[in-house]
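Visitor: based on what follows, work out the 3D shape:
(chains A and B)
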Amino acid sequence: DAKTTQPTSMDCAEGRAANLPCNHSTISGNEYVYWYRQIHSQGPQYIIHGLKNNETNEMASLIITEDRKSSTLILPHATLRDTAVYYCIVRPLTGANNLFFGTGTRLTVIP
Amino acid sequence: NAGVTQTPKFRILKIGQSMTLQCAQDMNHNYMYWYRQDPGMGLKLIYYSVGAGITDKGEVPNGYNVSRSTTEDFPLRLELAAPSQTSVYFCASSYEGEQFFGPGTRLTVL
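Guide: Have a look, this model is predicted:
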């Protein structure tokens, strides 16, 4: 079962903010929202995760709606190196067999 | 720390051959995973381990075997390679929530 829905692709101008949406309308109370990205041919890279509050780290910000049914990953100043496939995943904080990758959003940063 | 390392980077196998994909981590993580990624698709979990001596099947385990004799190592074994196993294989480890991935092994079965 697909637990998240993301647009297939997006473009963003270099230097502008990239806002990547994710719908997770069936999220459970104990499930977190995780974001990973995969730059061409490399292993996925963890970006950020959150439960219900907005989160920010050195890479990105995560905005989760009050009802937790959707979220947005924000890259504040996109660079060409941010071109990648971005995966939104919902899962409990603990446990092993619960990181399900969909097809993600292919973000292209345009010079 | 080297993080998660995988060998080899590339391999071509003939149908019916066997091989072992190596994975090692130096972060003392209990959890380790093997994924495969087919072209244009997301990652699918093959096997995982929650600690030395403990392994379990993921979403697509058929045709593969694993072992976990130490915390550091989690090799993936293909016994009778088939063209359907042509894919990129990623190993990962985790402590809590965040998974750290290796650089991948690109396997082609002809």
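Visitor: where in chain A is pLDDT low?
Guide: A:1-2, A:96-97 (pLDDT under 70).
Visitor: repeat that for 90
Guide: A:1-3, A:28-31, A:40-41, A:53, A:91-103 (pLDDT under 90).
Visitor: which bits of it sit near chain B?
Guide: A:32, A:34, A:36, A:41-46, A:49, A:87, A:93-94, A:96-97, A:99-104 (Cβ under 8 Å from any Cβ of the partner chain). Yep, even glycine has a C-beta here, placed from its N, CA and C like the rest.
Visitor: in helices only, show me those residues.
Guide: The members of those all map outside helices under DSSP state H.
Visitor: among those residues, which ones are in strands?
Guide: Among these, the members found in strands (DSSP state E) are A:32, A:34, A:36, A:45, A:46, A:49, A:87.
Visitor: the fifth one reaches residue B:100, doesn't it?
Guide: Yep, that's residue A:46 we're talking about. Yes. At 7.3 Å, residue A:46 and residue B:100 qualify as touching, with contact defined as Cβ atoms under 8 Å.
Visitor: show me the contacts for the residue positioned nearest the centre of chain B.
Guide: Central residue of chain B (Cα atoms, centre = their mean): residue B:34, 3.3 Å from the mean position. When the contact criterion is Cβ atoms under 8 Å, 6 or more residues apart in numbering or on different chains, the partners of residue B:34 are B:21, B:23, B:45-48, B:58, B:64, B:66, B:74, B:76, B:89-92.
Visitor: residue B:89 and residue B:45, how far apart?
Guide: Between residue B:89 and residue B:45 the distance is 12 Å, computed by Cβ to Cβ, to the nearest Å.
Visitor: what do these two both touch?
Guide: By Cβ under 8 Å, 6+ apart, the residues touching both residue B:89 and residue B:45 are B:34, B:35.
Visitor: what about the nearest residue to residue A:3 once chain neighbours are set aside, neighbour count?
Guide: In space, residue A:3 comes closest to residue A:90 once its chain neighbours are excluded; the distance is 5.2 Å by Cβ to Cβ, 6 or more residues apart in numbering or on different chains. Applying other Cβ atoms under 10 Å in any protein chain shown, we find 21 residues neighbouring residue A:90.
Visitor: again, but for the one 4 residues further on
Guide: When neighbours are defined as other Cβ under 10 Å, residue A:94 has 11 of them.
Visitor: so who does residue B:26 touch?
Guide: Applying Cβ under 8 Å, 6+ apart, the residues near residue B:26 are B:1, B:2, B:3, B:72.
Visitor: so residue A:8 touches residue A:108, yeah?
Guide: No. With contact defined as Cβ under 8 Å, residue A:8 does not reach residue A:108; the gap is 11.6 Å.
Visitor: those two: who's more crowded?
Guide: Neighbour count, other Cβ under 10 Å: between residue A:8 and residue A:108, residue A:108 has more, with 14 against 9.
Visitor: in the sheet, who's paired with the more buried one?
Guide: Here residue A:108 shows beta-bridge partners residue A:11, assigned using DSSP bridges.
Visitor: for it, give its distance to chain B.
Guide: Distance of residue A:108 to chain B, computed by Cβ to the nearest Cβ, to the nearest Å: 15 Å.
Visitor: hang on, that residue packs against residue A:13?
Guide: No. Assessed by Cβ under 8 Å, residue A:108 is found out of contact with residue A:13, at 10.3 Å.
Visitor: much appreciated, bye for now.
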